[in-house]
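>>> Below: sequence and its predicted model.
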Amino acid sequence: MKGIILAGGAGSRMYPISQLYSKQLTLIYDKPLIYYPLSILMLGGIKDILIISNEETIPFYKKLFNDGKHLGLNIEYALQSAPNGIAESFILGDKFIGNDGVTLILGDNIFYGKLDFFHRALERNTGATVFGYRVTDPERYGIVEFDEKGKAISIEEKPSKPKSDFAVPGLYVYDNKVVDISKNLEPSPRGELEITDVNNVYLKQGELNVEKISRGVAWLDTGTPESLLQASNFFGAIEDRQGLKVACLEEISLHMGFIDINGFDKVITNMPKCAYREYLSKILTDRKR
């Protein structure tokens with residue numbers, strides 16, 4: 001399974017800060033926003049990751065992650081020259097995906113809690129799996145309609161009269177057919193290759209699975225200044241209360257076995273003195289006991 005993070009877009013809702021840098025570089029409590037979606041892929045056991053962004057932002061991601069080897073990852077980069085739609089990710093990532101399945105996560109989506117719903121989708125490894133998350137404002141999202149047996153029968157993008165209150169978050173798991181499906185899409189009236197159109201192809205073929213995300217899992221769509229502040233406060237409170245970091249990539253790499261204790265030690269040695277390094281050093285000390 002390959003992983004893609006789509007971390008581009010104009011970020012117009014974040015103006016004027018978006019004049020300077022991508023919102024995925026915005027600080028969420030103590031780390032850049034892109035750490036959070038990357039951590040989800042890593043917790044799914046995905047080590048081959050493509051970051052898609054614009055020409056101005058890719059150098060910043062390379063400065064953050066390089067090729068990912070220090071984290072036990074293989075990170076590559078691809079340019080999306082214009083915001084041509086989420087589904088273009090699979091066309092840009094065609095060579096990277098190869099013959100594998102692929103998980104796509106949007107760079108401004110954060111999930112916190114047990115990831116059983118994601119692991120089930122990865123284990124299925126056939127067709128497409130999207131997720132349903134109950135929201136209070138369904139008209140803002142792509143919405144899944146279910147029949148009386150709980151089977152998905154339609155997906156509508158930002159409907160004026162939503163047929164359910166289950167939104168589709170920006171996390172998608174596909175088999176390899178998604179590349180050809182995306183290549184054969186027609187642009188929508190707004191000139192984009194829509195991810196909803198991809199999902200509807202799978203739905204018509206009877207190969208779309210929808211995993212409902214249960215209570216106790218937080219999905220944060222950080223597309224506005226207000227939501228960024230809420231996310232920072234949320235994770236700040238959790239980390240302060242528990243003394244454990246969220247989306248700490250180095251800790252996840254060690255936990256998942258992507259790097260061993262010696263690699264973990266080397267990563268820490270290359271960090272400047274800071275609270276982040278102190279946290280990782282404590283983990284190292286505890287592991288060596």
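Sure, I can see it.

>>> Show me where the stretch 151-289 of the chain has its helices.
Across the stretch 151-289 of the chain, reading from the start of the chain, the helices by DSSP state H, counting those that start in this stretch fall at 177-183, 195-204, 225-242, 249-256, 261-269, 275-288.

>>> Alpha carbons only: can I get the second one in PDB?
Coordinates of the C-alpha atoms in helix 195-204 are reproduced here as PDB (Å, rounded to 0.1, in the frame of the first residue of the first chain):
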ATOM      1  CA  ILE A 195     -13.000  12.700  -5.800                       C
ATOM      2  CA  THR A 196     -16.700  12.300  -5.400                       C
ATOM      3  CA  ASP A 197     -16.900  11.200  -9.100                       C
ATOM      4  CA  VAL A 198     -14.200   8.600  -8.400                       C
ATOM      5  CA  ASN A 199     -16.200   7.300  -5.500                       C
ATOM      6  CA  ASN A 200     -19.400   7.200  -7.500                       C
ATOM      7  CA  VAL A 201     -17.600   5.000 -10.200                       C
ATOM      8  CA  TYR A 202     -16.800   2.500  -7.500                       C
ATOM      9  CA  LEU A 203     -20.300   2.800  -6.100                       C
ATOM     10  CA  LYS A 204     -21.800   2.000  -9.500                       C
END
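
>>> how close does the closest residue to Lys212 other than its chain neighbours get to Glu145?
Distance criterion CB to CB, 6 or more residues apart in numbering; nearest residue to Lys212, sequence neighbours excluded, is Gly132 at 4.5 Å. Where you see a C-beta, it was placed from the backbone N, CA and C, and this is true even at glycine. With distances taken as CB to CB, to the nearest Å, Gly132 is found 10 Å from Glu145.

>>> These two: which is more packed in?
Looking at Gly132 and Glu145 with other CB atoms under 10 Å, you find the greater number of neighbours at Gly132, namely 21 against 15.

>>> Nearest residue to the middle of this protein?
In the chain, the C-alpha nearest the mean C-alpha coordinate belongs to Ile105, at 3.0 Å (CA atoms, centre = their mean).

>>> Identify the bridge partners of it.
According to DSSP bridges, the partner residues bridging Ile105 are Ile5, Leu171.

>>> returning to what we had before: which residues make contact with the host helix or strand of the residue nearest to Lys212 from outside it?
When elements are assigned from DSSP states H and E, Gly132 belongs to strand 128-134. Contacting residues not belonging to strand 128-134 are listed as 117-118, 121, 144, 152, 155, 164-169, 171-175, 178, 198-199, 202, 207-213, 217, 219 [CB atoms under 8 Å, 6 or more residues apart in numbering].

>>> give me that answer again for 7 Å
Under the contact criterion CB atoms under 7 Å, 6 or more residues apart in numbering, strand 128-134 has outside partners 117, 121, 144, 165-169, 171-174, 178, 199, 202, 207-213, 219.

>>> Parallel or antiparallel, which strands does it pair with?
Strand 128-134 has its sheet partners listed here by DSSP bridges as strand 166-167 (antiparallel), strand 171-174 (antiparallel), strand 208-212 (parallel).

>>> Go ahead and confirm Leu280 touches Glu250.
Yes: checked against CB atoms under 7 Å, the pair Leu280 and Glu250 is within contact range at 5.7 Å.

>>> Might you list the low-confidence residue ranges for the stretch 101-250 of the chain?
Low-confidence regions of the stretch 101-250 of the chain, defined by pLDDT under 70, are absent; no residue qualifies.

>>> which is the next helix or strand following the strand holding Gly132?
Tracing the chain past strand 128-134, the next element assigned as helix or strand by DSSP H and E is strand 142-146.

>>> Of the contacts of strand 128-134, which count as buried by neighbour count?
If you count burial by 16 or more other CB atoms under 10 Å, the buried members of those come out as 117, 121, 144, 165-169, 171-174, 178, 199, 202, 208-211, 213, 219.

>>> so Ala78 is in which element?
Remark: Ala78 resides in strand 74-79, with elements defined by DSSP H and E.

>>> Contacts for that strand next, please.
By CB under 7 Å, 6+ apart, the list of residues contacting strand 74-79 from outside reads 47-52, 55, 58, 61-62, 65, 67-68, 92-93, 96.
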